[in-house]
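Asker: heads up, no residue letters with this:
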């Protein structure tokens with residue numbers, strides 16, 4: 001018989017650098033998850049993505065066990081990294097913050113494809129292009 005799910009959490013955590021400190025610790029504590037156990041498992045699983053913020057979906061069961069799934073980094077952070085910027089433009093229609101190439105856009109879309117609601121790579125590229133446009137990034 002399947003375990004009963006009591007809570008689902010979606011968090012963004014720095015890969016390989018999770019700590020029991022806020023905001024991760026309190027969120028896990030309220031869900032009844034063993035915080036130190038999760039931190040160790042998460043850091044081991046996300047070691048290869050070091051330096052990026054990673055999305056994690058945690059499913060907590062009735063007996064206080066849990067499963068977690070690592071997601072790809074947010075599209076915005078991947079776009080900013082490709083453009084070499086800290087943040088996007090505050091006025092995306094009037095001032096542009098930077099530029100990325102179509103090849104960089106394709107690489108980001110291929111990496112995010114698993115987490116996007118797109119049928120093919122062209123659809124994924126359109127989604128990522130929209131995110132770039134809203135951050136004030138030009139596609140060349």
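Answerer: On my side now, so go ahead. If you're wondering where the values come from, they're calculated on a predicted model, not measured in any experiment.

Asker: what residues does the longest helix seen in the chain touch?
Answerer: As assigned by DSSP state H, the longest helix anywhere in the chain is helix 121-134. Contacts with helix 121-134, where a contact means C-beta atoms under 8 Å, 6 or more residues apart in numbering, come from 75-76, 79, 88, 92, 100, 105-106, 108-110, 112-113, 116-118, 138-139. (Glycine included, C-beta is placed from N, CA and C.)

Asker: quick one: buried residues of the next helix or strand after that helix?
Answerer: Sequence-wise, the next helix or strand downstream of helix 121-134 (DSSP states H and E) is strand 137-139. Across strand 137-139, burial judged by 16 or more other C-beta atoms under 10 Å covers residue 137.

Asker: for stretch 110-130, same thing?
Answerer: With burial defined by 16+ other C-beta under 10 Å, the residues of stretch 110-130 counted as buried are 112, 113, 116, 118, 124, 125, 127, 128, 129.

Asker: Which residues are in contact with the first one?
Answerer: Translated: residue 112. 72, 75, 78, 124, 127, 128.

Asker: Show the residue spans covered by the strands in the protein.
Answerer: 5-14, 53-61, 66-70, 98-100, 137-139 (DSSP state E).

Asker: so how far is the longest one from its chain's centroid?
Answerer: Average the C-alpha atoms of strand 5-14, do the same for its chain, and the two points are 12 Å apart (C-alpha atoms, centre = their mean, to the nearest Å).

Asker: Remind me what it packs against, helices and strands.
Answerer: Applying 3 or more C-beta pairs under 8 Å, 6 or more residues apart in numbering; DSSP states H and E, we find strand 5-14 packed against helix 24-31, strand 53-61.
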